[in-house]
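> predicted structure and sequence below. I'll ask about it afterward.
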Amino acid sequence: MIDTKMHPSSRMVLESIVRFKREHDGVSPTVREIQADVGMSSTSVVQRSIEDLIDRGHITIMEGQARTIQVTSGSWHYKRNNERSE
């Protein structure tokens, strides 16, 4: 279900996370990779959007560890490089 009250910057960050995970076999992006993808002015702006997504239940992270963003709302799929499309 789409969160209609989500701030546009949070939506862009969530879409960036999902896109990165699809393109990288489920690996999560870093804050700097998200920043570069969405064109935000600083990593602190990205971090605020990540915190908003956590508060709204769209993602979770493991504090103190890199690349641990998990998407908990909606659905997304990625294809491993060795899987064939049908």
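Yep, that arrived.

> check contacts around Arg11.
Shown in contact with Arg11 (CB atoms under 8 Å, 6 or more residues apart in numbering): no residues. C-beta here means a position set from N, CA and C on the backbone, and glycine is covered the same way.

> need the contact list for the residue sitting nearest the centre point of the chain.
For the chain, the residue whose C-alpha lies nearest the mean C-alpha position (CA atoms, centre = their mean) is Ile17; its distance is 2.3 Å. With contact set as CB under 8 Å, 6+ apart, Ile17 has these partners: Ser28, Pro29, Ile34, Ile59, Ile69, Val71.

> Three-state assignment for it, please.
For Ile17, the secondary-structure state derived from DSSP: H, G, I helix; E, B strand; the rest coil is helix.

> what does the pLDDT read for it?
At Ile17, the pLDDT value in this model is 96.

> now swap in Leu53 and tell me
Predicted confidence (pLDDT) at Leu53: the value is 96.

> can you count the residues close to Glu63?
Glu63 is surrounded by 5 other residues when neighbours are defined as other CB atoms under 10 Å.
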